[in-house]
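Novice: quick one: sequence and predicted model below, then my questions.
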Amino acid sequence: MKKAKNILTVAVFALILVGFGLWHMILPDADVSISERRDLAQAPALTAKTLFNREFSDKLETYLVDQFPLRESFRSLNASFRFSFLRQLDSNGYWTRDGVIYKTEKTTDEAQIKYAARLYNSLISSELSDCNVYFTVIPDKSYYADDTVHPRLDYTRLIEIMKANVQGAEYIDILDTLSIDKYYRTDTHWRQQDLFDTVERLASAMGVDEYLTPASDYTPHELSPFYGVYLRQAAMPVEPETLTYLTGSYTDNALVSGPEYKSSGVYATEKFDGMDGYDVFLSGTQAIIEIECPDARTDRHLYLFRDSFGSSLAPLLTGAYAKITVIDLRYVTSAYLPTIVDFAPGSDVLFANSTLVLNTAMIMR
C-alpha cells in the first residue's frame, strides 16, 4: 500500500512537471509584464561561447521564470499567503486597508529634501527671479491612511524643511483639500475628477481662480478596468477600478507639443492599455510639454515643474492660462533648461512635486 502511494505521488509530480513543460512550450512568450512594468526575458540563443561560460544557463533560468505558465496567478497567491495567512505587515512592500493598496514608505531623508530645495533655489535665482514663483507639496495617499503600524514619512518635517529652505517662492498648502477617497485605490495617483478643491486653492494663490472652468462645465469620460501600478506590482487580490478624465471646451481646443509628445491633445487614451493606464494624462512621463490654450481667459503663462501628479492637474488649468509649459526635472537637467525654454518675465511658476519624489529628490537634476 505504501509503495503504491509513493508511486502515485511520483507519478502525479511527474505529470505536473511534464504538463507545465508542455504548456510552456505551447504558450507564446510574452514580451512585457504589465504588472511589473518591465520587459520579460526571451529564449536565449545557444552557442558554444554562451554554453561554456554559463551565460546560456543563466539566461535560460531567467527566461523560464519569466515565462512560467500562470505566473501572475502564482504571484497573487504568494502575496495573499504572505499578507493574510502569515500576517506579515506587508507583501513585497505593499499593504492593504479597506480595499486600498498602500506602499510601505522609506524613512524621511532630509538630505534628499534639502537637495530638492537647493534645486528649486538654483532655478529661482538664475532663471525665475522676474517671475511669480510658488511651490506646493503633494502628499502620498498614506498621509490620509488611518494607520499607526506601517512606516511612513514624517510629512510635517518634510514640509518644514521645504518651507525653511526654499527661497523666493510662496508655499501653497493643499493638504486639507485632499483625502484618501480622492486617490485611486490601486494606484499612487489622485483622481482628476476630485481635484477641484485643490485646483481652486492653487489658482487662488496665483490669482487666476476666477478664470478656472467650473466643475459643472466638464464632461467625465470613464475607462475601465483600470489596474493601478500598485495593484499590478503588489499582485494582491483587489478589484480593479475605473479611471476618469475630464474634457471641456478649453481642454478640447488645447494644442499640445513636445520633443517626445505624440498625442493630439491633453489626453492620450490610446495609452490606457499600456504599461501604466495613468499615462492617459499628458501621455505619461515627458521631459517638456507645451500646452497652448487659444481660448484661455487670460494671456498669462504658467511654468509647471511637476512629476506624474501634474499630468492630471495641468488640463484643469487650461482655461486660466494661454500657455502652460510642463517640465519634469527627472527627465531634463535644470542646467540645460535655459537653452530650450524661454522663461518670460512676469509669468507664474509652480513647483508641484509629490512627497515620493521629494524624498528621493536626487532623481531630479
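Specialist: Cool, the structure landed. Keep in mind that this is a model prediction, so the values were computed, not measured.
Novice: which intervals of the protein have sub-threshold pLDDT?
Specialist: 1-92, 232-237 (pLDDT under 70).
Novice: apply 50 and report the result again.
Specialist: 16-17, 20, 23-24, 74, 86-88 (pLDDT under 50).
Novice: which parts of it are strands?
Specialist: Listed in chain order, the strands found in the chain under DSSP state E are 32-33, 38-39, 94-97, 100-103, 132-138, 170-171, 219-226, 241-247, 255-257, 288-292, 301-306, 323-327, 348-354.
Novice: closest to residue 280 out of the ones you listed?
Specialist: The closest of the strands of the chain to residue 280 is strand 241-247. By C-beta to C-beta, the value is 5.8 Å. Any C-beta I mention is one placed from the backbone N, CA and C, and that applies to glycine too.
Novice: tell me the domain ranges of this protein?
Specialist: Structural domains assigned to the chain are 2-85, 107-363, following automatic domain parsing.
Novice: residue 93: which of those domains is closest?
Specialist: domain 107-363 (7.9 Å).
Novice: the closest one: end-to-end distance?
Specialist: 17 Å (C-alpha to C-alpha, to the nearest Å).
Novice: which one of the domains of the chain lies nearest to residue 94?
Specialist: domain 107-363 (3.5 Å).
Novice: what about the residue most central in space within the chain, distance to residue 195?
Specialist: Nearest residue to the geometric centre of the chain (C-alpha atoms, centre = their mean): residue 308, 5.3 Å. Residue 308 sits 14 Å away from residue 195 when distances are taken as C-beta to C-beta, to the nearest Å.
Novice: so how far is residue 133 from residue 167?
Specialist: 10 Å.
Novice: circling back: using CSV, lay out the strands of the chain together with distance to residue 334 and mean neighbour count.
Specialist: Below are the strands of the chain laid out as CSV (distance: least, C-beta to C-beta, whole Å; neighbours: other C-beta atoms under 10 Å):
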stretch, distance to residue 334, mean neighbour count
strand 32-33, 32, 14
strand 38-39, 29, 11
strand 94-97, 33, 19
strand 100-103, 28, 21
strand 132-138, 14, 21
strand 170-171, 20, 14
strand 219-226, 33, 13
strand 241-247, 30, 19
strand 255-257, 21, 16
strand 288-292, 12, 20
strand 301-306, 9, 23
strand 323-327, 9, 24
strand 348-354, 12, 24
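Novice: how many neighbours does residue 298 have?
Specialist: The local packing of residue 298 (other C-beta atoms under 10 Å) involves 15 other residues.
Novice: residues contacting the nearest residue to residue 331 once chain neighbours are set aside?
Specialist: Closest residue in space to residue 331, ignoring its immediate chain neighbours: residue 287 at 3.9 Å, by C-beta to C-beta, 6 or more residues apart in numbering. Going by C-beta atoms under 8 Å, 6 or more residues apart in numbering, residue 287 touches 258-260, 327-328, 331-332.
Novice: helices of the stretch 251-365 of the chain, start to end?
Specialist: 310-313, 355-358 (DSSP state H, counting those that start in this stretch).
Novice: with distance to residue 97 and mean neighbour count as extra columns, can I get these in a markdown table?
Specialist: As requested, the helices of the stretch 251-365 of the chain are arranged in a markdown table below (distance: least, C-beta to C-beta, whole Å; neighbours: other C-beta under 10 Å):
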| stretch | distance to residue 97 | mean neighbour count |
| --- | --- | --- |
| helix 310-313 | 24 | 24 |
| helix 355-358 | 18 | 22 |
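Novice: hmm, back to that, what's the most buried one of the domains of the chain?
Specialist: domain 107-363 (a mean of 18; mean count of other C-beta atoms under 10 Å).
Novice: I figured residue 283 hits residue 265, correct?
Specialist: No: with contact defined as C-beta atoms under 8 Å, residue 283 does not count as touching residue 265 (9.5 Å).
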